[in-house]
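Student: Next one to model:
(3 chains)
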Amino acid sequence: MTAGDAHARARWARRGDIALRVVAAVPLAYATASLWAMAIARLLPGDRAEASVTAALIALVLCAFAAMWAFAARSGWRAIWTLVAAAGIAAMTTWVSIDATGRL
Amino acid sequence: MSKGFRQSQAFLHTWSGLLLGWILFLVFVAGTIAFWREGLNRWMRPEIARVEQPMRVLAGSQAFLASKAPDAKSWIIPVATERSTGAQVFWVPQPKPGEERGRRGRRGRSDTQALIGADGQVAQPRETRGGEFFYRFHFDLHYMPVIWARWLVGFATMMMLVAIVSGIVTHKKIFKDFFTLRRAKGQRSWLDGHNATAALALPFHLMITYTGLVTLMALLMPWAVVANYTDERTVFATLFPTASVVERTGRPAPLIDLRLIAAHAERRLGAPASFIEVSDPGDAAARVSVSQSASSMLSSRTPRLTYDGVTGRLVWQSPPPGAAAETAGAMIGLHAGRFAGNGGRWLYFLCGIAGTLMIASGLVLWTVKRRERLTDPARPHFGFRFVERLNVAVIGGFPLGIACFFWANRLLPATLRGRADWEIHALFIAWAAAALTAFVVRPARVWPSLFAATGWLLVALPAYDIVATDHGMFTSLAIGDLMIGGIGATIVVFGIGFILLARRVARYQPNPKRVRKAAAAATSATMLEVAE
Amino acid sequence: MSIVSFLLAMAGFVLLGLATDTHHRRRFGYSLQGRRCTMLRMGGWLALVASVAPAILARGWIFGPILWVGAIMAGAGVAFLTLNLLPMRGTLP
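Tutor: Now for the predicted structure:
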C-alpha cells in the first residue's frame, strides 16, 4: 500500500465516522429524545396534561444534548449504540407503563 | 475540558451553524422586524387614523356585525388599542344544514372579515399584509405549505440551539475574550465580531432559540402527549379550557352592549382585554367570551371570562393553569415579547439585530477562514464558492427584497387585484434578481452594490412619505404619533447604515495568508479550532 | 430603578473589561498588576451583583429578573462599545 492509499483510506474512514455521527445526531437523537419524552410523560406523577407538557419541554433540551453527544462520543459507532441503548430503555419503560395503566 | 471534546464541539458548531444558517438569517431578520408588527401594520396603511377611543371601535364593530352578519355562528372582535389599526373583525357563518362543521381557521377569507377603524366605521385601507407578513414569515415562510415551513424552521432552530451550546462549550476563554475586538485583522476580526454579538446577547439568544422550539412544540414533540392520550382533543380541552358549548335555541334575543361586558371584564381581570368572541349573537343562547390581553402578563395563555350574551351575567371563568402549562405559556410569552412596553421592545429589537449579525458574521467567517486556507485562491473548491455566493444572495439580497416590499406597499395601485400578494411577490422578485446577480457576478462587486441599493431605497422611503403623503415622519412626530414617526426614523437610520456598510465593504481587501501546502491541508485529521 | 440597574451593570462590565490586560494598557498606559487586577475584578462582580436588587425593586419577582437580564445585556453592550470604540487618550495603539 502506498502512502497515497493510506491517506485515502484515512480520509474515507473519517468521512464514514462523520456520517455515523450525523445519523446519530439527527434522526437518532430526535428518536431518542422523543422516546424519552414518552417515558418521562408516563413516569411523572400527577395530572397527565401537566406531565406531557413537562416531558415535552425537557425532551427539546435532550434532543440538543443528544446531538452534542453524537459528536463528543469517542467514535461514530459508540455514539450510535449509546443512543440506541438509551432509546431502548425509554421505549421499554413507556411500553410497560402503557401496558399497565393505559392512556386517557 | 479535554482538547478532543472541545474540538468535536467546534466541528459541530461550524456545521450545525452553517448548513441551515441562511434559513436562520431569514428567520431572525423577519422575527426581529416582527417585534414592531403592530406599528408596521399602521405604517403600511398610512390612510388609517390612529385609534383614540377603543370603546368607540368596539361599539362600531358590534353595530357593523349586527347589520352584516346578524345570524352568524360566531363573531370575533379584537379589542382595539392605540397601537392597532382598529379592529380586524371576522365572523363564522352558520354552517348550512348537511355541511360539515368548518374548521376554525377561516382567517384567510376576505368575505368574512372587515376592518373597523378609529371612528367605528368600516375602513378600507390599501390591501396589505402589513407587519403581519414578517411575523408569519418567520415560522411559516412563504410559497410552501405551513407544515413544511414549520418543520424546516423547527429543524433549523434545533440546529441553532446546538450551535449556541456547542459554541459556548468550545469557546475556551469566553470571559477573557469577552471584550476583545481586534480590528483590521482579517479572520480574527470576524471572529471577534461573531463572538461579541453572540456573547453580549447570549441570554437572549439562548432564550429566543429554546422558546422558539417551545412555540412549535406541539408539532415537533407531540410524543409526550401521545404517550398519555389516545385523542389529542382531550389534552387540548385540559390545556385550553373553554366554557361548555350551548346549543342555539332559535329564539331571538338582543345582544347586550359589548362595551358593558368589556368594561366589567377588564375590571374583574384587572387588566385590558384583547379578544371578544360572541357565539350565536342575537339568539337567547348567546355567549360572550373575553380574553385578557397578552400585553398585561408574561404567559401567552391568558385568562378568559364567559358571559351570558343577553343578560351579561358571568357564567364561567378559566381555571388557573397548572405549573407546566404556565411555564410553557411564559416561555411563549418571553419569545413573543408582547408583555414588553416600548423600552422592552427596543431591547428585544436590538438583541434581535445582534442575533442577525451573529448569524451573518458566522456565515461570512466560514468563507474568510477558508479563503486563508485555499490551496489556489484563484480557483476555490465548489463548497467555498457555493457558500460565498449564497452568503451574498441571502445576506445581501433579502434586505433588498424587504426594501422593495416597503416600496411596493407605497407604490402599488390600491385597485390592483391581489395587491397584498403582489407586495410580497415584489419582495421575492427583487430578492431573486439579487440572488441571480450574486451567482453570476463576482461577490466583491455584488456585496457593495446590494447594500448600497438597499440603503438608498430605505433612505428614500421616509422622504417619499414626507413628500407624497401627509403622514411623513415629522408630521407624525409633531402630532405625537411616536410609533409612525419612530418607524420612519428607524428606516432612515438603517438606510444610512447600509450605505456606510456598502462603502466599507467596497474598500474591503481580503488578505489570504500564505498558501499552505496542499498535502498539509489534506492530511490534517484534526477538526478545526474555532477559538484559538 | 431600572436605570440604576443598567448603570450598575454597565459599570460592572467596564471594571471587568479594565481588568483585562489589553484594555488596561489602553486606558492607563501600563500593564495590569496583581492587586489592581483583583480590585478591578472584585469591583466589577460586585457591581453586577448589586444590579439585581434595583431590577427586582422596579418590577417585582417575575418581570424583575427579566429586566435584570435586559440590563446586563445592555450594560455589557455599552461597556464593550465604550472600551473598544472610545478613542484612546495617550499614544499607545
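
Student: Not counting sequence-adjacent ones, nearest residue to B:G397?
Tutor: B:A434 (3.4 Å; Cβ to Cβ, 6 or more residues apart in numbering or on different chains). For the C-beta atoms, the positions are set from N, CA and C on the backbone; glycine is no exception.

Student: so the one you found is in which element?
Tutor: Assigned by DSSP states H and E, B:A434 belongs to helix B:419-440.

Student: Name the residues of that helix that come out as buried.
Tutor: Across helix B:419-440, burial judged by 16 or more other Cβ atoms under 10 Å in any protein chain shown covers B:419-420, B:422-424, B:426-428, B:430-431, B:434-435, B:437-438.

Student: now the helices for chain C?
Tutor: C:2-18, C:21-28, C:34-50, C:52-85 (DSSP state H).

Student: now for those helices, which one comes closest to A:A33?
Tutor: Comparing those by their distance to A:A33 (Cβ to Cβ), the top pick is helix C:52-85, with 27.0 Å.

Student: Secondary structure class of the closest residue to B:Q113 other than its chain neighbours, three-state.
Tutor: What sits nearest to B:Q113 in space, not counting adjacent residues and going by Cβ to Cβ, 6+ apart, is B:F90, at 3.7 Å. Secondary structure assignment for B:F90 (DSSP: H, G, I helix; E, B strand; the rest coil): strand.

Student: how deep is B:F90 tucked in, by neighbour count?
Tutor: For B:F90, the count of nearby residues is 21 (other Cβ atoms under 10 Å in any protein chain shown).

Student: ok, it touching B:I76?
Tutor: Yes: B:F90 is within contact range of B:I76, at 5.4 Å (criterion: Cβ atoms under 8 Å).

Student: The helix or strand bottoming out on mean pLDDT in chain C relative to helix C:2-18, how many degrees between them?
Tutor: Counting by mean pLDDT, DSSP states H and E, chain C has its least confident helix or strand at helix C:21-28, which shows a mean of 80. If you take axes from the mean of the first three to the mean of the last three Cα atoms, to 10 degrees, helix C:21-28 sits at 100 degrees to helix C:2-18.

Student: in helix C:21-28, what's buried?
Tutor: C:22-24, C:26-27.

Student: how about TSV for those, with distance to chain B added?
Tutor: Converted to TSV, the buried residues of helix C:21-28 look like this (distance: Cβ to the nearest Cβ, whole Å):
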residue	distance to chain B
C:T22	7
C:H23	6
C:H24	11
C:R26	10
C:R27	12
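
Student: Closest one to chain A out of those residues, please.
Tutor: C:T22 (31.7 Å; Cβ to the nearest Cβ).

Student: Isn't the closest one up against B:T180?
Tutor: Yes: assessed by Cβ under 8 Å, C:T22 is found in contact with B:T180 at 7.0 Å.

Student: Could you point out which residue ranges in the chain have low pLDDT?
Tutor: Using chain A. A:1 (pLDDT under 70).

Student: other chain: chain C
Tutor: Chain C contains residues with pLDDT under 70 at C:88-93.

Student: What parts of it come near chain B?
Tutor: C:2, C:16-17, C:20, C:22-23, C:62-63, C:66, C:69-70, C:72-74, C:76-77, C:79-80, C:83-84 (Cβ under 8 Å from any Cβ of the partner chain).

Student: and with 10 Å instead?
Tutor: C:2, C:13-14, C:16-23, C:62-63, C:66-85 (Cβ under 10 Å from any Cβ of the partner chain).

Student: Just the buried subset of those residues, please.
Tutor: C:2, C:13-14, C:16-20, C:22-23, C:63, C:66-80, C:83-84.

Student: Can you verify B:E38 is assigned to a helix?
Tutor: Yes: assessed by three-state DSSP, B:E38 belongs to a helix.

Student: What is the burial count for it?
Tutor: The burial count for B:E38: 21, using other Cβ under 10 Å.

Student: Tell me who's in contact with it.
Tutor: Contacts for B:E38 (Cβ atoms under 10 Å, 6 or more residues apart in numbering or on different chains) come out as B:81-85, B:130-132, B:135, B:338, B:345, B:483.

Student: B:R267 versus that one, what's the distance?
Tutor: 25 Å (Cβ to Cβ, to the nearest Å).

Student: again, but for A:V84
Tutor: Taking Cβ to Cβ, one finds A:V84 at 58 Å from B:R267.

Student: just B:R385 next, same as before
Tutor: In this view, B:R385 and B:R267 are 65 Å apart by Cβ to Cβ.

Student: In space, what's closest to the residue nearest the centre of chain C - neighbours in sequence excluded?
Tutor: Central residue of chain C (Cα atoms, centre = their mean): C:F13, 1.8 Å from the mean position. With Cβ to Cβ, 6+ apart as the criterion, C:F13 has its nearest non-adjacent residue at 3.5 Å, and that residue is C:A79.

Student: Sweet, I'm off.
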